[in-house]
Structure formats: C-alpha cells, structure tokens
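In: Pasting the sequence and the predicted coordinates here, then a few questions.
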Amino acid sequence: MSGFLDIIEGSGELGLLYALMALGVYITYRILDFPDLTVDGSFTTGGAIAAVLITGGTPPLVATAAAFAGGMLVGACTGLLHTKGKINALLSGILMMIALYSINLRIMDKKANISLFGMDSLLSNVEEHWVIPTVGIVVVLIKFALDWFLHTDLGLALRATGDNPRMIRSFGVHTDNTIIVGVSLSNGLVALSGALITQYSQFADVNMGIGMIVIGLASVIIGEALFGARTIIRATLAVLLGAIVYRLIVALALQIGLEATDMKLMTALIVIAALTVPKVRASIRQRTFIRKRAAEIERTAAAQSSRGGVR
C-alpha cells in the first residue's frame, strides 16, 4: 500500500510541475489553433537558463523569472517568423526548435548537462511532504492568473483570433500581435516548467525537452476527455488534472514492466487513442442515430400505407 501511495505522490509532484508546460501547449493548440513545436526547445531553454544562473550564484527566484522571460522571447521569435516572415506556423516552430538546440548549448557553455546538486533552489528547502502543497498552490495561482488574462480584452482577442481570425480583424484587432502575444505566453509557461523541473531533478540536460510537445498534447487531450472543457476555467483545470493523470499512467506503466525507453512510444499511443476514440464513438453514435431515424421513417411510411389500404 505504501508503494502505491509513493507512486501517487511522485506522480502528483511531477504532474503539477509539467502542468505549466501543458497550460502553455493548451494556449497554442486549443486557443490559438497554432501547431507550435517550439515547445521541445523552449522547455530546455528554461531549464538551461535557470541552471546556469543558479550555479552562477543568482537567487533561484530571479533565475526562474529569467527562465520565464527567456521562454517568452523564444516564443516571440516563433510568432515573428510566422506573422512577419510569412512562414507556415508548423515550419516556424520546427525552425525555432532546431535553432534552440544550438542556442541552448551556448547558454549551457557547450555542456550537455549541468548539475545543481548542493545548490539552493526553489524546491531544495521544501520538506518532502510539503512539495505537493507548495507546488500545487503556485500552479493554481498561475492557472487563476491565466483564467483572468483570458477574460481581459486582450485575452478575448486572443481567443477570437484562434476561433475566427477574419471576423476579429474586421473589428480592428491586429491578429499578428495577438498571435505573437499568445505564442510568447505559451513558451514562457513552458520554459517556467522546464526551470522548475530542473530545480526538482537537480540537473539540466540539453535533450530534456525532446518529446515535450507530445506530453503536453497528451495532458490536454486526456484532461479534456475526462473532465470536459466547456469554459476556460474548466478547461485550464482539466489541463492541470490531465497532466497529473498522465504522469500517473506513466508511473503505473513502469510498475507493470514497461521499460523507461518505451515511454515515448506509450505517450504517442496515448495521444493517438485520445484523439481517435472520441471520433470513433461519435461516428458510432451518428450511425446508430441514422439507423434509428431510418427505422422510424420506415415504420411511419408503413403505418401510413396501411391506413391508406384500409380506406
């Protein structure tokens, strides 16, 4: 029983830390309808900036804030490539992700990884049983701040840009600016998650961001499927819970014998299942409705024919 509780506790800690990254993916994937692959690079950027600054003696809070700012700068570059450079959204993210590999190595002084063992960090002085409450409070506060932002004029313009850019442009909104703001905020949250994960695991690695976009999508899709997404407040909560559920699924999969090297494959399969199962269920419901409707029409026609025959 204690082993199972340890799994839940560990999944909760990691899930909350990765939830910020999932919120970032939610902004681009759901709100902006922008397939941003910068995530794989900006996650590492956040971790690299935090690690370098902390090892250099910078206070952890300042280092974490710098990581968030660095992520926003990276996102702004992706947004500019798309809006001002007129490069396809998907290709803009891919180009920025590729460029960030070299940039991240430069940030880390050409080292593949940086250790934070023995260094003070935001989580190093938190007692083990207080990690979840502490991180949970921070994540929930950020969630509420994001909810508030998405209900401001700029946030509503951001949401409208993803829903119907032509309509919102007719109201005088510059959709290029809202896209840049949205992608910047998204990658800022992703980098913030990378900085916190680095401080939690006590090291930064140049390859730590590989596959983050898939993990973020899995968290978003699982959360929406299990908890719904009818309103912004409910959707952001669903994303947070989806990140925790995803980490729990991964932990349980490792317990039943899957290798750690199989996790990327399992994540891809989870996303595929989460994307296809609802559509298959909807298709089955639609076919069932069509059959029932056709049967009702046939019964009605038969009844009318019988009444006509009696006359």
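Out: Structure's in. What do you need?
In: Identify the residues contacting Asp120.
Out: Taking CB atoms under 8 Å, 6 or more residues apart in numbering, we find Asp120 in contact with Ile54, Pro60. Any C-beta I mention is one placed from the backbone N, CA and C, and that applies to glycine too.
In: what's the answer for Met108, then?
Out: By CB under 8 Å, 6+ apart, the contact list for Met108 reads Ala48, Ala51, Val52, Ile114, Ala204, Val206.
In: Kindly indicate whether the fourth one is helix, strand or coil.
Out: Judged by DSSP: H, G, I helix; E, B strand; the rest coil, the three-state class of Ile114 is strand.
In: That one contacts Ile49, doesn't it?
Out: No - Ile114 is beyond contact range of Ile49, at 10.7 Å (criterion: CB atoms under 8 Å).
In: Of those two, which one has the most company?
Out: Applying other CB atoms under 10 Å to Ile114 and Ile49 shows that Ile49 carries more neighbours, namely 28 against 22.
In: For the one helix or strand His82 maps to, list every residue counted as buried.
Out: Using DSSP states H and E, His82 sits within helix 60-83. Buried positions in helix 60-83, judged by neighbour count with 16 or more other CB atoms under 10 Å: 60, 63-72, 74-83.
In: Next one: Glu296 relative to Ile290, how far apart?
Out: 11 Å (CB to CB, to the nearest Å).
In: likewise Phe227?
Out: Phe227 sits 30 Å away from Ile290, going by CB to CB.
In: And those two? Which one has more around it.
Out: The neighbour comparison of Phe227 against Ile290 (other CB under 10 Å) goes to Phe227, with 16 against 10.
In: which stretches of the stretch 1-150 of the chain aren't confidently modelled?
Out: Across the stretch 1-150 of the chain, the ranges flagged by pLDDT under 70 are 1-6.
In: Same check on the stretch 151-300 of the chain?
Out: Regions of the stretch 151-300 of the chain meeting the criterion pLDDT under 70 are absent.
In: Now do the helices in it.
Out: With DSSP state H, counting those that start in this stretch, the ranges of helices along the stretch 151-300 of the chain come out as 153-163, 165-170, 175-201, 212-227, 232-255, 263-310.
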